[in-house]
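Engineer: Here is my input; please provide its structure:
(one chain, ligands or ions: 2)
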Amino acid sequence: MLFDLEPKSRREDLYNFETELRSLINGITNEKIIAIRGLRRTGKTSLMRVALNEAGYPFIYLDPRFSGRPRRSDVVELIRRGLEDFLGRNRPIIDRVREALSRIKWVRIGVSPIHVEIRLNESRRLSIGELLDAINDLGAELGKAVVIAIDEAQELSKITWINFNMLLAYAYDNLRYVKFLLSGSEIGLLDRFLRVKDPEAPLFGRYIYFMNTRRLSPDESLDFLRRGFEQYGVKPSDDFLIRVVNELDGIIGWLTYVGHQYVVEGKHSLDEVLESATALALSELRNFLMNRSPRYKVLLRELFVRRGWRELKAALEVAEGRVINDKALYVLLRELIDHGIVEMVNDEYVIADPILRRAVLKL
Ligand SMILES: Nc1ncnc2c1ncn2[C@@H]1O[C@H](COP(=O)(O)OP(=O)(O)OP(=O)(O)O)[C@@H](O)[C@H]1O
Ligand SMILES: [Mg+2]
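Structural biologist: Residues are numbered from 1 along each chain as shown. Ligands and ions are numbered 1, 2, ... in the order given. Predicted coordinates:
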């Protein structure tokens, strides 16, 4: 069903995005590192899941969203869950997986019920390189590369004590049967994590296959809504649909949300639904602002509409009653852009998401 809130994993639940899906499957088939970039709620996880289910490679799926600064136990749990999920989906090859992983002394696999145990102590270090080698052995044994899919991969940069750039470069150069599929909504942070522009980075110069998610066009948005409602035998008025399209700027996650609220929660007042969407966005925004300079709040309030550099600078200067230098403003805007909150359109800046735009008014 199109209005299900979960990220989609089956092709028949994926609206359009045929080109994106094909491109992604091509990438998975032909390349070693594939990265999906796109604003929040534009369908990255859905595309990733459908492509993984369609591409025909065994895959390990990791979702490393950490609430705070991750400790070793958080990383262990991430890996443990990833392996357990992988085994659950691949019961017929469980013996071969056990065999391939048997040389890692800190991983234990139990069969009935399927469970993975990770035991580390002083003498047993968590060696991701060792794990990658074992996964490569498994791929060689299966005659197919194993895809390590990492959703919101920029989150891994919070693990400062593991050099992921080095590990990716190592796998790229040496492990024929390991591929990486990464996604990121904080596009600039993903680039920083991959150190794409840093000639000193171990990964520098290796090919990364990038693809971007996109907004739906107004026509597609309307069509998406009509089809979604049709699946529930509901036919809201054209006025209602057009208002939704105009408010949501082609962001498929919000269109899904509004549809879901209407058909499942029975909320037919658009204002009410937009209000609850805004509350959701507001809490995400508050998370971002926590422990950050109050200057962000000043800027965000301005960026409700498109603003030029001078206007933003003037707004900060008025708020603080003193001169702000260009470098400081540059760093602030860079951070907002890297987090996917603000985008640049024709040399002007604006909050990228229409619901987030409403949310800043409530800050
Ligand atoms: N092509 C699609 N067809 C139908 N529904 C979709 C499609 N793409 C995304 N959705 C829906 O939109 C919402 C957001 O999708 P998804 O979680 O895949 O996006 P995302 O970019 O990973 O979001 P986030 O940035 O929050 O992680 C979900 O409710 C999902 O079911
Ligand atoms: Mg996602």
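Engineer: Is stretch 185-202 in proximity to ligand 1?
Structural biologist: Yes. Applying C-beta under 6 Å from any ligand atom, one finds that stretch 185-202 is in contact with ligand 1 at residue 185. Backbone N, C-alpha and C define where each C-beta goes, glycine included.
Engineer: Is that stretch in proximity to ligand 2?
Structural biologist: No. With C-beta under 5 Å from the ion as the criterion, ligand 2 is not reached by stretch 185-202; the gap is at least 6.6 Å.
Engineer: how far does that stretch stretch from start to finish?
Structural biologist: The first residue of stretch 185-202 is 23 Å away from its last residue (C-alpha to C-alpha, to the nearest Å).
Engineer: Could you shift the numbering so residue one becomes 697, and keep it that way?
Structural biologist: Yes, from this point I'll number from 697; that puts the last item at stretch 881-898.
Engineer: Can you list the buried residues in that stretch?
Structural biologist: Within stretch 881-898, the residues scored as buried using 16 or more other C-beta atoms under 10 Å are 881, 882, 883, 884, 885, 886, 887, 889, 890, 891, 897, 898.
Engineer: Could you check how far it is from the centre of its chain?
Structural biologist: Distance of stretch 881-898 from its chain centroid, counting by C-alpha atoms, centre = their mean, to the nearest Å, is 15 Å.
Engineer: about what we covered before: please identify which of the buried residues of stretch 881-898 is nearest to residue 1054.
Structural biologist: Nearest to residue 1054 among the buried residues of stretch 881-898, counting by C-beta to C-beta, is residue 881 at 18.9 Å.
Engineer: Relative to residue 777, how far out is the closest one?
Structural biologist: If you measure residue 881 against residue 777 using C-beta to C-beta, to the nearest Å, the figure is 21 Å.
Engineer: State the number of residues packed around residue 724.
Structural biologist: Residues contacting residue 724 under the criterion other C-beta atoms under 10 Å number 25.
Engineer: which other helices and strands contact the one helix or strand it maps to?
Structural biologist: Using DSSP states H and E, the element containing residue 724 is helix 714-726. Counting contacts by 3 or more C-beta pairs under 8 Å, 6 or more residues apart in numbering; DSSP states H and E, helix 714-726 is packed against strand 729-733, helix 740-751, strand 905-908.
Engineer: The next helix or strand after the longest one near ligand 1 at all?
Structural biologist: Yep, that's helix 740-751 we're talking about. Using DSSP H and E, the helix or strand that directly follows helix 740-751 along the chain is strand 755-758. No. Counting by C-beta under 6 Å from any ligand atom, ligand 1 is not contacted by strand 755-758; separation bottoms out at 12.9 Å.
Engineer: contacts for the helix or strand just after strand 755-758?
Structural biologist: With elements assigned by DSSP H and E, the helix or strand that comes after strand 755-758 is helix 768-785. With contact meaning C-beta atoms under 8 Å, 6 or more residues apart in numbering, helix 768-785 is reached by 754-758, 760, 762, 790, 793, 797, 803, 805, 810-814, 816, 822, 827, 855, 858.
Engineer: distance between helix 768-785 and the chain's centre?
Structural biologist: Computed by C-alpha atoms, centre = their mean, the separation of helix 768-785 from the middle of its chain amounts to 18 Å.
Engineer: got the angle for it vs helix 740-751?
Structural biologist: Angle between the axes of helix 768-785 and helix 740-751 is 40 degrees (criterion: axes from the mean of the first three to the mean of the last three C-alpha atoms, to 10 degrees).
Engineer: Residues of the stretch 847-996 of the chain that sit close to ligand 2?
Structural biologist: Residues of the stretch 847-996 of the chain found near ligand 2 (C-beta under 5 Å from the ion): none.
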